[in-house]
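Visitor: give me a model of this one.
(one chain, ligands or ions: 1)
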Amino acid sequence: MKVAIIMGSTSDLDIMSQAINVLEGFGVEVVKRVISAHRTPDLMCEFAKSAKANGIGAIIAGAGGAAHVAGVVAGMTTVPVIGVPIQTKALGGMDSLLSIVQMPAGIPVATMAINGAKNAGLFAAQILALTDETLAAKLDEFRKEQTQKVLDATI
Ligand code: RP5
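Guide: Numbering: from 1, shown residues only. Next comes the predicted model:
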C-alpha cells in the first residue's frame, strides 16, 4: 500500500517534507501532489474518489489558513485521512488547526499538531504496519532507537 501526501500549496512543502522523509525512510511508497480545496476543487474530488482504487492506504493532507482539503477529501473516501495544520503568518496556525480539527460526526480526520508533519508520517506508517509485518518491525526499531537516545542523553 502507498501513502498519499497532498498539500494546498508548494509553500507547504518545507513542513510536509518531514512526513515524506519519515515514510520514505521506512521504504514506504509515497504519492505527492499539490491539491487545493479552493484552487483545484475538481482535482481534489478526482483524487479522493480514486484513492482507494489506486492503492492508497492513508492520506496525509497539509494546508494552512482556511484549510479545507483534509476534511473535504475525508468526505469522499473511507481511506483514513490525517490532517496537518500548517502554521500561518496571520494567525499562527490556529486558523489551520480549527479548520481541520472540528469535523462533523461521521467524517473523521486524524488531526495532528500545528506543523506536525513528522507525526503524520509516523501515524500513516502505523496504519500501514497493521497489515505489513516488515514495516511493523521497522517501527519497533525506530521506537527502540528513540528510547535509547533519551536514555543516553546527558545534561
Ligand atoms: C493554503 O494557503 C495553503 O495550504 C497554504 O498553507 C496557504 C498559503 O498558500 P500560498 O498562498 O502560499 O499558495 O491554501
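Visitor: contact partners for the residue positioned nearest the centre of the chain?
Guide: Central residue of the chain (CA atoms, centre = their mean): residue 60, 2.4 Å from the mean position. By CB atoms under 8 Å, 6 or more residues apart in numbering, the residues touching residue 60 are 3-6, 16, 19, 81-82, 84, 117, 120-121, 124. No exception for glycine: its C-beta is placed from N, CA and C like everyone else's.
Visitor: send the alpha carbons of the longest helix seen in the chain over as PDB?
Guide: Scanning the chain for the helix with the most residues, using DSSP state H, yields helix 133-152. Extracted in PDB, the C-alpha atoms of helix 133-152 (Å, rounded to 0.1, in the frame of the first residue of the first chain):
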ATOM      1  CA  GLU A 133       5.000  -7.000   9.200                       C
ATOM      2  CA  THR A 134       8.200  -5.700   7.700                       C
ATOM      3  CA  LEU A 135       7.100  -2.100   8.200                       C
ATOM      4  CA  ALA A 136       5.900  -3.000  11.800                       C
ATOM      5  CA  ALA A 137       9.400  -4.300  12.600                       C
ATOM      6  CA  LYS A 138      10.900  -1.000  11.300                       C
ATOM      7  CA  LEU A 139       8.600   1.000  13.500                       C
ATOM      8  CA  ASP A 140       9.500  -1.100  16.500                       C
ATOM      9  CA  GLU A 141      13.200  -0.500  15.800                       C
ATOM     10  CA  PHE A 142      12.500   3.300  15.400                       C
ATOM     11  CA  ARG A 143      10.900   3.300  18.800                       C
ATOM     12  CA  LYS A 144      13.800   1.400  20.400                       C
ATOM     13  CA  GLU A 145      16.300   3.800  19.000                       C
ATOM     14  CA  GLN A 146      14.300   6.800  20.100                       C
ATOM     15  CA  THR A 147      14.000   5.500  23.600                       C
ATOM     16  CA  GLN A 148      17.800   4.700  23.700                       C
ATOM     17  CA  LYS A 149      18.600   8.300  22.600                       C
ATOM     18  CA  VAL A 150      16.700   9.600  25.600                       C
ATOM     19  CA  LEU A 151      18.300   7.100  28.000                       C
ATOM     20  CA  ASP A 152      21.800   8.100  26.600                       C
END
